[in-house]
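Asks: Predicted structure and sequence below. I'll ask about it afterward.
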Amino acid sequence: MRLKRFAPLLAAAGLIATTVPLLTATQVSAAPVADYLKQKPAWHRCSSEQPAAYECATLKVPLDYRRPDGRTIDLAISRLKSENPAKRHGAMLFNPGGPGGSGLDLPLLMNEAMPKDVRDQYDLIGFDPRGVGASSPISCGMDDAEQNFDRPYRPETFASDVTWARTVAEKCREKSGAVLPYITTRNTARDMDTIRAVLGERKISYVGYSYGTYLGAVYSQMFPERTDRFVLDSGVDPQKIWRGMIQVWATEAEPAFARWTQWAAERSAEYQLGDTPKAVSDTFWGLVERADREPIDFEGQKVDGDLIRTARGVFFYPSQATPLIVALKAAAEGKPIPPGVNAAELKRLLTGGQAAEPATDNGTAAFWAVVCGDTGNWPRYTEQYERDAAKDKIKYPLYGDFASNIKPCAFWDRPVESATPMHKKANVLTVQNEWDSQTPLSSGQGLHRALKGSRMVLAAGGEGHGVYLFDPASCANAPVNSYLATGRLPAEDVTCQNPPAAAERLDSVAPSKPLPFPGGPGRF
């Protein structure tokens, strides 16, 4: 089964040891257990519309773990218990990505998708990360326009881009300033360990997608002795958080674009975009220039060249990018959409599927809280963003200026904590598609390198953001299932070949601009 809903997805001494000087062994043994670790989840049926076995509860966790007796926030959790206690190995947590993605319903999805010999071994545990969904959600009071950060660089509009970035940061500070500094990956990892503790588990297992790979990596470094079977799928490079990860969208879109031009040229008789890669590229850029001069009316949507470029992720899927460009070209020339083409689906790929009702800004607020609050590496001078955006618009023409343009993090308060160093051994399994539009291969390889002791499963030819269980034909499913069932990592890294049909299947998981995972603006 493909997980369609993802795409268009502590002991007291241990907590204190991460934030204050280490206690001596005598002090540790005498330290009282914090009240929040004594909680017993009050499990109840999540909803009458959902299975009775699907249970929910709410925990209280410290807003600031350095002050465990201070202000608390809610942490919404869920579970589906193993139906085979004799085979039960432990509990498994999930995170779908984001930052800002809700994970409360993941046990239901994973319960359907996991093979029985794996599923029987775990209580499946979902949770909404702090600040998200049912876990004391935050807001910045942003309107729809303010939530969009796909801003092309143009000298004449850069001042308005700076105003937008400053306005978002100020709104977030005004609306949620007392909470924002603590909506970070390190604190979410501490929350995960609180869940582990109140469940009575010595260790915890985990499957995290996209941003969830970085969350899992941070947990493995903060709590290595409590890290059990961890699968980190579609990896975030810890060395690139977070501006570098956004810029990766631009650098890695270029080889994907080149691959697409080759694919379309080989099928020139069918698509008529050009019979060489250069001719296909010229057709595309000619279309962008034409749309910049006069926006294309495409299914009632005015499409300019910048909007076409923001769909950079679709070029990781040649069999979907090609019909989109063919349809746009036909619309620009006043011709009908070719027969058999689903124009509504192509419009969704281009625009990201705009909601009929205004969306809450909770996911966007949580995204900026983490992306800006995890690291102090964001430049503070607007001039640097302008220089970088102008340079990268030339160097990476598809998306470079969008990626390097100014973001609200330029005006964010300095982080409370430094980013987590990746120095400790982590016996975890990383998983990657070769052609991933959101956390590209270079990013997944960076995660693998950073986590000493990890193994990597690479699906050669694999397309899409999210590997394990997303595509039933993926060659990566078998080694991941084996690891989750036995706890044994492969002896060495695994590169398997995805079936060609899986790479070119028209109903494969497709990105939606700007490739959110699991949903929302521009998430990992």
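Replies: Thanks, I have it.

Asks: For Trp242, give its distance to Lys393.
Replies: Remark: distance between Trp242 and Lys393 (C-beta to C-beta, to the nearest Å) = 21 Å. Using the backbone N, CA and C atoms, a C-beta is placed for each residue, glycine as well.

Asks: Give me the more crowded residue out of the two.
Replies: Trp242 (26 against 22; other C-beta atoms under 10 Å).

Asks: quick one: contacts for the more buried one?
Replies: 370-372, 374-375, 378, 409 (C-beta atoms under 8 Å, 6 or more residues apart in numbering).

Asks: Can you list the neighbours in contact with whichever strand or helix holds Ala165?
Replies: Per DSSP states H and E: Ala165 is located in helix 158-176. Residues from elsewhere that reach helix 158-176, judged by C-beta under 8 Å, 6+ apart: 138-142, 146, 151, 153, 180, 365, 368-369, 372, 382, 386, 389, 405-413.

Asks: After it, which helix or strand is next?
Replies: Sequence-wise, the next helix or strand downstream of helix 158-176 (DSSP H and E) is helix 185-198.

Asks: Which strands or helices does that next one pack on?
Replies: helix 12-17, strand 55-62, strand 72-80, strand 90-95, strand 122-127, strand 204-209, helix 211-222 (3 or more C-beta pairs under 8 Å, 6 or more residues apart in numbering; DSSP states H and E).

Asks: Of these, which stretch is the most buried?
Replies: helix 211-222 (a mean of 28; mean count of other C-beta atoms under 10 Å).

Asks: average model confidence for that helix?
Replies: Helix 211-222 carries an average pLDDT of 98.

Asks: so how far is it from its chain's centroid?
Replies: Relative to its parent chain, helix 211-222 has a centroid offset of 13 Å by C-alpha atoms, centre = their mean, to the nearest Å.

Asks: Check which helices and strands it sits against.
Replies: So helix 211-222, by 3+ C-beta pairs under 8 Å, 6+ apart, packs with strand 90-95, helix 185-198, strand 204-209, strand 227-233, helix 441-450.

Asks: Report the inter-axis angle for it versus helix 185-198.
Replies: Inter-element angle recorded for helix 211-222 and helix 185-198: 70 degrees (by axes from the mean of the first three to the mean of the last three C-alpha atoms, to 10 degrees).

Asks: by how many degrees do helix 211-222 and strand 90-95 diverge?
Replies: 130 degrees.

Asks: can you give me the strands for the stretch 301-450 of the chain?
Replies: Per DSSP state E, counting those that start in this stretch, the stretch 301-450 of the chain carries strands over the ranges 301-303, 429-435.

Asks: okay if I get the helices and strands packed on helix 185-198 as TSV plus distance to Glu492?
Replies: Formatted as TSV, those follow (distance: least, C-beta to C-beta, whole Å):
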stretch	distance to Glu492
helix 12-17	32
strand 55-62	39
strand 72-80	34
strand 90-95	25
strand 122-127	26
strand 204-209	22
helix 211-222	20
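
Asks: for these, which one sits closest to His465?
Replies: Of all the helices and strands packed on helix 185-198, strand 204-209 sits nearest to His465, with 8.2 Å by C-beta to C-beta.

Asks: Go ahead and confirm Asp199 touches Met92.
Replies: Check again: residue 199 is Leu, not Asp. No - in this structure, Leu199 is not within contact of Met92 by C-beta atoms under 8 Å, at 10.9 Å.

Asks: Pull up the overlap in contacts between the two.
Replies: With C-beta under 8 Å, 6+ apart as the test, Leu199 and Met92 both reach 123, 125.

Asks: Out of the helices and strands packed on helix 185-198, which gets the lowest mean score?
Replies: The minimum mean pLDDT among these belongs to helix 12-17 (a mean of 29).

Asks: Quick check: which of the helices and strands packed on helix 185-198 is nearest to Lys347?
Replies: Among those, strand 204-209 comes nearest to Lys347, with 26.3 Å by C-beta to C-beta.

Asks: tell me what that closest one is packed against?
Replies: Secondary-structure packing of strand 204-209 (3+ C-beta pairs under 8 Å, 6+ apart): strand 90-95, helix 185-198, helix 211-222, strand 227-233.

Asks: What pairs with it, parallel or antiparallel?
Replies: Within its sheet, strand 204-209 is paired with strand 90-95 (parallel), strand 227-233 (parallel), according to DSSP bridges.

Asks: Just the contacts of helix 158-176: which are in helices?
Replies: 146, 365, 368-369, 372, 382, 386, 389 (DSSP state H).

Asks: tell me the phi and psi of Tyr396?
Replies: Backbone dihedrals for Tyr396, given as degrees, to the nearest 10, come out at phi -130, psi 80.

Asks: distance of it from Phe402?
Replies: Taken as C-beta to C-beta, the span from Tyr396 to Phe402 is 9 Å.

Asks: Common neighbours of these two, please.
Replies: Ala250.

Asks: before we move on, the earlier item: weakest of the strands of the stretch 301-450 of the chain in terms of mean pLDDT?
Replies: If those are sorted by mean pLDDT, strand 301-303 sits at the bottom with a mean of 94.

Asks: That one: which residues count as buried?
Replies: Val303 (16 or more other C-beta atoms under 10 Å).

Asks: Give me the residues contacting that strand.
Replies: Residues from elsewhere that reach strand 301-303, judged by C-beta under 8 Å, 6+ apart: 291, 295-297, 328, 331, 347, 350-351.

Asks: Now with 10 Å, please.
Replies: Contacts of strand 301-303 from elsewhere in the structure, counted by C-beta atoms under 10 Å, 6 or more residues apart in numbering, are 287, 291, 294-297, 307, 311, 328, 331-332, 347, 350-351, 354.

Asks: Just the buried ones out of the residues you listed, please.
Replies: Judged by 16+ other C-beta under 10 Å, buried ones among the contacts of strand 301-303: 287, 291, 295-296, 307, 311, 328, 331-332, 347, 350-351.

Asks: need the contact list for the closest residue to Leu106 other than its chain neighbours.
Replies: Spatially, and ignoring its direct neighbours in sequence, Leu106 is nearest to Phe94 (4.0 Å; C-beta to C-beta, 6 or more residues apart in numbering). By C-beta under 10 Å, 6+ apart, the contact set of Phe94 is 9, 78, 103-107, 109-110, 124-127, 205-209, 212, 231.

Asks: run the last query once more with 7 Å
Replies: Taking C-beta atoms under 7 Å, 6 or more residues apart in numbering, we find Phe94 in contact with 103, 106, 110, 126, 207.

Asks: cool, Gly400 as well?
Replies: With C-beta under 7 Å, 6+ apart, Gly400 has these contacts: 250, 392-393.

Asks: Inside helices: which ones of those?
Replies: Using DSSP H, the members of the contacts of Gly400 that fall within helices are 250, 392-393.

Asks: Could you export those residues to JSON lines, including columns for pLDDT and distance to Ala34?
Replies: Compiled in JSON lines, the ones in helices among the contacts of Gly400 are given as follows (pLDDT from 0 to 100; distance: C-beta to C-beta, whole Å):
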{"residue": "Ala250", "pLDDT": "98", "distance to Ala34": "44"}
{"residue": "Asp392", "pLDDT": "98", "distance to Ala34": "47"}
{"residue": "Lys393", "pLDDT": "98", "distance to Ala34": "51"}
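
Asks: Done for today, thanks.
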